[in-house]
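A.B. asks: Have a look at this prediction, sequence included:
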Amino acid sequence: MNISDVIGDMKERLGLETIALPFKQPTEIVLQNIIHTSVRTFSQFKPQIRDCYESIHNLRSPDEMSKALRIFFLPECLTITPVQYADAYIASSNLQNAEAATNSFTVGSPFVGFGSYYPQDIMNATQTGAAINKYAGVTSRPQSSEWLGYNKIKLHDFPADAMVYFVAKCDHDLSLETIPVSCRESFIQLAELDIKAALYNMLKNYNETGGAFNKTQLDISAWSGAEAERNALVEKWTGIFHLDDIETCIQFF
């Protein structure tokens with residue numbers, strides 16, 4: 001999508017091509033500012049997904065105390081536009097490899113529990129493996145992350161040398177270029193209602209607007225219900241957006 005194309009479509013749909021609106025700014029700028037509001041709203045329901053890999057060694061912390069608590073800023077490549085939420089997953093680590101090797105030896109070794117073929121043998125092997133892991137400083141607890149907002153994330157139980165995979169839900173770019181073509185009609189539906197509602201509130205006190213050659217009455221009475229329609233659309237999306245699961249191919253946008 002492209003914001004210039006959307007503005008052109010909106011001017012044509014709303015009959016603004018030959019009307020000089022009583023604004024200090026050009027009509028295109030007024031519409032662009034309104035559409036930017038639509039982008040932020042739309043992003044709540046269909047965010048842009050950004051991801052990247054980064055070593056913990058390269059992550060920045062707000063201060064030394066935060067660093068000790070494993071609180072880091074997200075990599076800058078994820079924060080080009082506002083971030084709504086982010087997750088982190090371990091990608092690789094020397095300790096992760098050591099843990100796999102240690103568990104493989106302790107649980108699968110024929111020297112622990114006489115082959116680990118019976119329930120009691122398996123239990124003995126598991127307990128022994130956990131003890132060796134603890135002695136070796138290796139944890140078997142799963143890594144997790146905690147989104148703190150303001151581009152900050154806390155990493156739980158990540159090894160100090162880990163490579164981390166970040167996935168962030170972000171606002172779309174105000175140019176609209178990050179909104180998929182498949183979402184065009186849904187976004188246009190929201191943007192048109194936003195424009196109608198905003199222009200109605202701006203122009204309802206004007207009796208007439210000046211045209212290029214004569215004065216033309218701009219009939220905006222049909223836009224009076226746009227705000228209610230817009231609120232109804234957002235409420236509808238609020239009820240279904242969480243069902244938009246790519247893995248199961250359920251798409252509502």
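C.D. replies: Great, that's in hand.
A.B. asks: What strands flank whichever strand in the chain runs longest, and is each parallel or antiparallel?
C.D. replies: As assigned by DSSP state E, the longest strand anywhere in the chain is strand 83-92. Strand 83-92 pairs in its sheet with strand 163-170 (antiparallel), by DSSP bridges.
A.B. asks: Could you report the neighbour count for Lys152?
C.D. replies: 17 (other C-beta atoms under 10 Å). No exception for glycine: its C-beta is placed from N, CA and C like everyone else's.
A.B. asks: surely it meets Phe72?
C.D. replies: Yes - the pair Lys152 / Phe72 is scored as a contact, 7.0 Å apart, by C-beta atoms under 8 Å.
A.B. asks: Pull up the overlap in contacts between the two.
C.D. replies: Ser66 (C-beta atoms under 8 Å, 6 or more residues apart in numbering).
A.B. asks: where along this protein do the helices fall?
C.D. replies: 3-13, 27-45, 64-68, 94-108, 119-136, 184-203, 226-240 (DSSP state H).
A.B. asks: Pick out the shakiest of these, pLDDT-wise.
C.D. replies: Comparing mean pLDDT across the helices of the chain, the weakest is helix 94-108, with a mean of 47.
A.B. asks: Name all residues that make contact with Asp87.
C.D. replies: Contacts of Asp87 by C-beta under 8 Å, 6+ apart are Ser145, Trp147, Phe166, Val167, Ala168.
A.B. asks: okay if I get these as CSV plus distance to Asn2?
C.D. replies: What follows is the contacts of Asp87, written out as CSV (distance: C-beta to C-beta, whole Å):
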residue, distance to Asn2
Ser145, 35
Trp147, 32
Phe166, 28
Val167, 27
Ala168, 24
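A.B. asks: For ChimeraX, what selects the buried ones among those residues?
C.D. replies: Buried members of the contacts of Asp87, defined by 16 or more other C-beta atoms under 10 Å, are picked up in ChimeraX with:
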select :145,147,166,168
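A.B. asks: Looking at the contacts of Asp87, spot the one nearest Ala197.
C.D. replies: Closest approach between these and Ala197, by C-beta to C-beta: Ala168, at 30.5 Å.
A.B. asks: OK, contacts around that closest one?
C.D. replies: Ile49, Arg50, Asp51, Leu74, Leu78, Thr79, Val83, Gln84, Tyr85, Ala86, Asp87.
A.B. asks: ok, and the closest non-adjacent residue to the third one?
C.D. replies: On the basis of C-beta to C-beta, 6 or more residues apart in numbering, the spatially nearest residue to Asp51 that is not a chain neighbour turns out to be Val167, at 4.7 Å.
A.B. asks: now that neighbour: how far from Ile80?
C.D. replies: When distance is defined by C-beta to C-beta, to the nearest Å, Val167 is 15 Å away from Ile80.
A.B. asks: What is the neighbour count of Asp51?
C.D. replies: 14.
A.B. asks: Need the pLDDT of the most centrally placed residue in the chain.
C.D. replies: Residue closest to the average C-alpha location in the chain (C-alpha atoms, centre = their mean): Lys169, at 1.4 Å. Lys169 is assigned 96 on the pLDDT scale.
A.B. asks: Find the nearest non-adjacent residue to it, please.
C.D. replies: Pro47 (3.9 Å).
A.B. asks: ok, the one you found - how many residues close by?
C.D. replies: For Pro47, using other C-beta under 10 Å, the count is 20.
A.B. asks: so it sits right up against Val167, yeah?
C.D. replies: No - look at Pro47 against Val167 with C-beta under 8 Å: they stay out of range, at 10.9 Å.
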